[in-house]
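Asks: generate a structure from the sequence data that follows.
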Amino acid sequence: MSLQSEYVVVFVTAKDSQEAEKIAQGLLEKKLAACANILDSLRSVFWWEGRVDRANEVLLVIKTRIDVMEQLITIVKSLHSYDTPEIIALPIIGGSRDYLAWIGASVKPCS
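Replies: Okay, here's the model as predicted:
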C-alpha cells in the first residue's frame, strides 16, 4: 500500500466558524472526509488583488483520500463564500495503520 498516494490532509480556510462547520458537515455527509478539525482564531496575511491583505479566518484540517479530491474541491467551492478558497492537499506519508485504515473505510467516492 502506498500511503503517499492514498491519504491526504487538506487545508481549507473559511471566513468564520459557521462557514467552517457548514463545509465540514457537507463533506462528512457526502463521505468525502473521515474527519475535519476546525481551528479558530487564525490570522492570515496574503496577496489579494495586487496588495497585501489581512483577515481573521478559521482553518479546517480535513483527513481524506486523494481519489476523492476533485469531488471534495467541488463541494467546498459550492459551500464557500470566497471567490478563490484555499484548498490544498498534503500527502500523508506515514502514521498509525489503524487510523489510516479508518480514513480509508470512512471515505467513499460520490456516485
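Asks: all helices of the protein, in order?
Replies: Along the chain, counting by DSSP state H, helices occupy 3-6, 17-29, 69-79, 97-106.
Asks: distance between the last one and the chain's centre?
Replies: Right, the one you point to is helix 97-106. Centroid separation for helix 97-106 versus its chain: 17 Å, with Cα atoms, centre = their mean, to the nearest Å.
Asks: report the angle between that helix and helix 17-29.
Replies: Calculated by axes from the mean of the first three to the mean of the last three Cα atoms, to 10 degrees, helix 97-106 forms an angle of 80 degrees with helix 17-29.
Asks: for L42, find the nearest of the helices of the chain.
Replies: helix 17-29 (10.1 Å; Cβ to Cβ). C-beta here means a position set from N, CA and C on the backbone, and glycine is covered the same way.
Asks: helix 69-79 and the closest one, what's the angle between them?
Replies: 140 degrees.
Asks: so what's G104 closest to, chain neighbours aside?
Replies: With Cβ to Cβ, 6 or more residues apart in numbering as the criterion, G104 has its nearest non-adjacent residue at 6.4 Å, and that residue is R65.
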